[in-house]
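Colleague: here is the input, now give the coordinates:
(one chain, ligands or ions: 1)
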Amino acid sequence: MMSQDQGFRNIGFIGLGLIGGSIARTLRRTSPDLHLIAYNRSRSVTDTAIAEGVIDEAVDASLAGMETCDLIFLCVPVVTALPFMDRLKEIIGPDTLLTDVGSVKNEIHDYAERIGLGGAFIGGHPMAGSEKTGYMSSTDHLLDNAWYILTPGSEVSVDRISAMHALVASMGALPLIMTSDEHDQVTAAISHLPHVISASLVNLVHDLDGPEKYMRTVAAGGFRDITRISSSSPQMWQEICMSNSRNICRVLDAYMSRLIDYRLAIRSEDADELLRIFTACKDYRDSFNADIGSSLFREYRLYMDLVDEAGSIATIATQLAVNNISIKNIGIVHNREYEQGVLRIVFYDQSSLDAAVRVLTARNYHLYLNS
Ligand code: NAD
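Modeller: Model (predicted):
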C-alpha cells in the first residue's frame, strides 16, 4: 500500500541492469527505508545487489513475492517487458502501480491497455544512460538532474501520477509529463535520429578509409564527440528503431531533405546561404548552453590546463580526493578553443566547485572558470 505521504514502501524491479540497477542504487541512497525486491535473469546479479545492500530481496522467474510491491519498475528491453506484464497481471493487486524505463513508449502503452492494465501503468523514460550496460556499470547518481519523462495514459488517476512524479523528483531527476505520442516524436528527433546519423557517419568513414587508415588515426575532437553514442548497445538500438520506426522515418525524411539543401549550398558555393546555415545552428546550439547556465541545469564545472606528463590527471584527482571533494565527471576536451586540450572536471555542487578552485589555485594550476 502507498504510505500517507504518497510515497511507496515496497518497490520491485524486473531487470537489474544499467538503468534498473541505477534506479535501485539511487532509491537506496535517497529513501533508505524502502524495501527493494528484484528479479534478474542472472541470479548472481541479485546476489551481488543484496550483498552490497542495494536490494533487500531477490525473487525467481515466477515473480512470486512481487505481489507485495506497490510499485514495480520494468527495466528490461521492451520486447521482454511485455510478457512480464502478462505475468504481473496475474499476481498484482489493484493498488500496485507498474512503470517501465524503455526508450519508446507507444508500444508498451498500447499493450498495457490491451491487457487491461491501462489504469495501473505509467510509462517512464529516464533520459540518462551510458555506452555501458549491466548492473556493474550502474551508479547511484546516473539520474542526477536528468529529465525523467513520465507518460501516464488517460486511465491513470491523478494521485498515482503525483506519487510517481514525487518519487522521480526525490531521486534527483527532473520529472516531465507528456503523452506517449509526444514522447515518441520528441525522442525520434533528439535521440533516435542522432543515433542513426552517428551510425551512418562511423560506417561511412570505415568504408571510405584507405589502407593506411589515416581517417581512423586522425579521427579526434569533433568526430569522436558526435559519434560517441555509436558505442552503445546495438541490440538496444535495433529494438528502438523497430519500435519507433514511423516517427524515426518521418524525421529521417526531413533530415535527408535538409542534407540535399546543404549539399546544394556547398556545391554552388553559395556563401550567404552557408553563412546562414552555420549561424542559425550556432545560435540555436549556443542557446542550450544558456539553459545549462540557469539554476535548474547548472553544471558545476571548471576547465584547466594539463601538464603533458604521465600521471598528471591522477595527481589532480588525488589532490581533490584528499580534500574530500567528490568528482562527478572528469575528462580531456579537445577542441579549437583549447587547441592543446584541457581537463574538464564536473562537481556535484557549488561548494565542491569552490573548494576545488581553492585547492587547485593554491597549487598554481591555470583554471578557466567561465567557459
Ligand atoms: P542492460 O543491458 O544494462 O540491462 C537489461 C536488463 O534486462 C538486464 O538485467 C538483463 O538481464 C535483462 N534482460 C534482458 N533480456 C532479458 C530476458 N530475455 N529475460 C529476462 N531479463 C532480460 O540495459 P539497460 O541499459 O538497463 O536498458 C534497459 C532498458 O532501459 C531498455 O528498455 C532501454 O531502452 C532503456 N534505457 C536505456 C538507456 C541507456 O542509455 N542504456 C537509457 C534510457 C532507457
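Colleague: and residue 43, how far from residue 75?
Modeller: Going from residue 43 to residue 75 by C-beta to C-beta, to the nearest Å gives 16 Å. The C-beta positions use only the backbone N, C-alpha and C, and glycine is treated the same way.
Colleague: these two - which one has more neighbours?
Modeller: residue 75 (28 against 12; other C-beta atoms under 10 Å).
Colleague: so that one touches residue 17, yeah?
Modeller: Yes - at 6.3 Å, residue 75 and residue 17 qualify as touching, with contact defined as C-beta atoms under 8 Å.
Colleague: which ones are touching the closest residue to the ligand within the stretch 201-350 of the chain?
Modeller: Residue nearest to the ligand within the stretch 201-350 of the chain (C-beta to the nearest ligand atom): residue 236, separated by 5.3 Å. Applying C-beta atoms under 8 Å, 6 or more residues apart in numbering to residue 236 gives the contacts 77, 103, 133.
Colleague: so which of those is the most crowded?
Modeller: residue 103 (24 neighbours).
Colleague: from the ligand, how far out is that one?
Modeller: For residue 103, the distance to the ligand equals 4 Å [C-beta to the nearest ligand atom, to the nearest Å].
Colleague: what about that residue, distance to residue 9?
Modeller: Counting by C-beta to C-beta, the gap from residue 103 to residue 9 is 29 Å.
Colleague: re the thing from before, may I ask which of the contacts of residue 236 comes out lowest in pLDDT?
Modeller: Among the contacts of residue 236, residue 133 carries the weakest pLDDT, at 88.
Colleague: so that residue makes contact with residue 18?
Modeller: Yes - counting by C-beta under 8 Å, residue 133 touches residue 18, with 5.1 Å between them.
Colleague: rewinding a little: which SSE is immediately downstream of whichever helix or strand the residue of the stretch 201-350 of the chain closest to the ligand is part of?
Modeller: In the assignment (DSSP states H and E), residue 236 maps to helix 234-243. Next along the chain after helix 234-243, taking DSSP H and E as the criterion, comes helix 245-267.
Colleague: tell me which residues of that following helix are tucked away?
Modeller: Neighbour counts over helix 245-267 (16 or more other C-beta atoms under 10 Å) mark 247-248, 251-252, 265 as buried.
Colleague: what is it packed up against?
Modeller: Contacts defined by 3 or more C-beta pairs under 8 Å, 6 or more residues apart in numbering; DSSP states H and E place helix 245-267 against helix 193-208, helix 271-293.
Colleague: tell me the average confidence for the next helix or strand after the shortest one?
Modeller: So that's helix 193-208. Using DSSP H and E, the helix or strand that follows helix 193-208 in sequence is helix 214-218. Helix 214-218 carries an average pLDDT of 91.
Colleague: ok but residue 176 is inside a helix, no?
Modeller: No - under the criterion used here (DSSP: H, G, I helix; E, B strand; the rest coil), residue 176 is strand, not part of a helix.
Colleague: could you give the bridge partners of it?
Modeller: When assigned by DSSP bridges, residue 176 has beta-bridge partners residue 149.
Colleague: which ones are touching it?
Modeller: 147-150.
Colleague: what do you get for residue 98?
Modeller: Contacts of residue 98 by C-beta under 8 Å, 6+ apart are 71-72, 74, 85, 88, 92, 112, 117, 120-122.
Colleague: pretty sure it belongs to a strand, no?
Modeller: Yes - under three-state DSSP, residue 98 falls within a strand.
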